[in-house]
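Trainee: Take a look and give me a structure for this.
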Amino acid sequence: MKEMKSHIHQSLSTRLGLEILFVVVLVFSLSLGFLYWQSRNIIRQEAIDEASHVLDNTSLRVKGFMLEIETATRNIIWLVNLHHDKDSLLKLSHRIVANHPNTNGCSITMEPDFFPEDSYGFSAYSVRLGTSSDGQKDSVATVREAEYDYYNKVWYKTPRQKRAACWVDPFDDFNEGTLSNPEWIASYCVPLYDRHEKFVGVISTDLSLKKLAETVNAEHPYENSYFMMLGPDGHYFVHPDTTKLLKQTIFTGMDPRVHTDVVALGYEMTNGRTGHMEVNLDGKSDIVLYHPLEGTEWSIALVCPSNELLRGYNSLNYILLPLLIIGLLLLVMGCHRIVKHFIQPLGLLAAELRQIGHGDYDKPLPLSERTDLIGQLQNTFCLMRRRISKHIKDAEQTKQETEQRTKELEKATLLARQASEQKTQFMQDMSHQIRTPLNIVHGFAQVLRGNGESIPDDEKQQIAETMYVQTNTLDYMVSKLLIASFVESRQTINTADTVRCNEVAREAFENAGTLMSHTAEMHLDSHVDDQLTITTNRHHLLIVLTELLANALHFTPEGSVTMRIEASADAVHFIIEDTGPGIPSDKSDFIFEKFTKLDMFTEGLGLGLFLCRRVVMLMDGTLTLDPHYTNGSRFVVSLPISVY
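Mentor: Here you go, the predicted model:
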């Protein structure tokens, strides 16, 4: 035994063979186990995905069937609103059933006071009776229902209370001795309103529960699988056991402590969730896939026996043992060939030296724990390569840091130069903008001072108006500069004012029209009530709206400027649009920067849009340029809404 151990310790090929065989067998076993685990998960997921696809197709088929009922009902509403006489209502009820073979009946029921002469109200009802005498299609009967308390029926009360179209859970509406449907039916009900939004009646179109079940069960994906459909309270609408339909719920007879899986499935489906569960139904293991039926409070599910759905998942166990035996045999053969290669380690070191000769220093080599000559050679080579690699990396890092600092200095120099040029341009522009109105005011003042008595009164009035406009312009520019210094030093502003949206818009409209001489048409289009208010800063909101309108008038010599006010669920939107030249898409962000103008020769300080966006931001709002508007420019100011 000692001699064998000594031989193994001294023989390089034997040591390599045993070590490689141990490592490879370990890796093979772990890899095969991981592959087995992954394969089972993939097969299981694919089986569930396939069943989900079947469930989705069935849901789409059912939804298409129901959508036909919904479309047929909605398409007749405008005719009902157009023709309110009894004969027309009877004809329209008959038309829905006759033209749509999937409907079982239709009732157009009006409120009792709609036809005052009928003390019990009026209801036009049509029902499909069965195959006609010619054998081609079903016959349809239409009657006027009298002295029938349909106002307390679920198909009439539900849409009236919800004030919206809806599907009513299946119910039995059969009355012995009347023209009514003997089958359980589900109804799509739409409330009717007159032009004053007063409720006047209901259109109810019936769908046979039997036809719904036939549509659901049209596809049979697995031998013992079936579909079921539940209502919002867990009642069965579709189930292969017809004794349970509408009489039992999924919770009937289920002890929560024993049938926790069935109870959990019931709560998942009745709460409108989507997913799949392993459930023990009727004493056998099933996988149930479920999701809500769009547009209703119902849920549809596909019940598949686990042994059928996961047949491929279970058969994987029979593949593992042969694969393991074959793999081990291949490993033994592979290790034999590997040992032959590993007894020539100098070839590997030579290859590594060639890589260094080509400039590849990054690939590290591990240190060897061997004490023989090969181990010493490998460790010496590894240390040499690490030192070379470290020196090269240090040199490259120093080079990169130098380049990065050079780029940062160049960028800082460029920004400083641009800031200096921008400051110079702004000072020149501001001087020009202020000097122009001052010169006008000064010139007219000299005229009035020198020979004011000889100037006609109408010219004096015109001169006074011009001086007034120019002083307003000066005041407006100074106000901009003051506001700029104010908003740049503030992080928040007071937003406690209660502001009426239409009122502040009208005031901004008047201010802009007074501030700017213009030829464009101005329109104010409000889609909100005069009582709509928001909590913000009234003074700054007025400045923003006035500035945006003044800009629009300035750049719209011909055409129109419109301010539109709209409201959404959580915000009010002030939309200012003009028919001017517009703003290029590549300048949409540039225009909001400080001291910037698209045309440096136009009037203005380049502060307007910058201040507007900054002020709106401080008021917890947004100012955006609509990129989809192509007839000019459209700016949208959105502020949080608060209704009192």
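
Trainee: Residue 630 and residue 583, how far apart?
Mentor: Distance, residue 630 to residue 583, by Cβ to Cβ, to the nearest Å: 11 Å. Every C-beta, even on glycine, is put in place using the N, C-alpha and C of the backbone.

Trainee: So which of those two has more stuff around it?
Mentor: Each of residue 630 and residue 583 has its neighbours counted (other Cβ atoms under 10 Å); residue 583 has more, 20 against 9.

Trainee: How is the more buried one assigned, secondary-structure-wise?
Mentor: At residue 583 the chain is in coil, as set by DSSP: H, G, I helix; E, B strand; the rest coil.

Trainee: ok, it touching residue 627?
Mentor: No - shown here, residue 583 and residue 627 do not form a contact pair, counting by Cβ atoms under 8 Å, at 9.2 Å.

Trainee: contact partners of the helix or strand where residue 635 lies?
Mentor: Using DSSP states H and E, residue 635 sits within strand 633-640. With contacts defined as Cβ atoms under 8 Å, 6 or more residues apart in numbering, strand 633-640 is touched by 534-536, 541, 544-545, 548, 552, 555, 570-578, 580, 582-583, 612, 616, 619-626.

Trainee: now with 6 Å?
Mentor: 534, 536, 548, 571-578, 582-583, 616, 620-626 (Cβ atoms under 6 Å, 6 or more residues apart in numbering).

Trainee: which of the residues you listed are buried?
Mentor: 534, 536, 548, 572-578, 583, 616, 621, 623, 625 (16 or more other Cβ atoms under 10 Å).

Trainee: Which ones among these lie within strands?
Mentor: 534, 536, 572, 573, 574, 575, 576, 577, 578, 623, 625 (DSSP state E).

Trainee: Tell me the one among those nearest to residue 293.
Mentor: Lowest distance from residue 293 to those (Cβ to Cβ) belongs to residue 573, with 36.2 Å.

Trainee: who's the closest one bridged to?
Mentor: residue 566, residue 638 (DSSP bridges).

Trainee: can I assume it is in contact with residue 566?
Mentor: Yes - if you go by Cβ atoms under 6 Å, residue 573 and residue 566 touch, sitting 4.8 Å apart.

Trainee: Let's have the ones in strands among the buried ones among the contacts of strand 633-640 in a markdown table, adding pLDDT.
Mentor: Below are those laid out as a markdown table (pLDDT from 0 to 100):
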| residue | pLDDT |
| --- | --- |
| 534 | 91 |
| 536 | 91 |
| 572 | 94 |
| 573 | 94 |
| 574 | 94 |
| 575 | 94 |
| 576 | 93 |
| 577 | 93 |
| 578 | 91 |
| 623 | 89 |
| 625 | 87 |
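
Trainee: and after the helix or strand in which residue 30 is found, which helix or strand comes next?
Mentor: Secondary structure assigned from DSSP H and E places residue 30 in helix 12-74. Per DSSP H and E, the first helix or strand lying C-terminal to helix 12-74 is helix 77-82.

Trainee: Now do stretch 537-547: everything it contacts.
Mentor: 493-495, 497, 499, 504, 508, 511-512, 608, 612, 615, 619.

Trainee: Thank you, goodbye.
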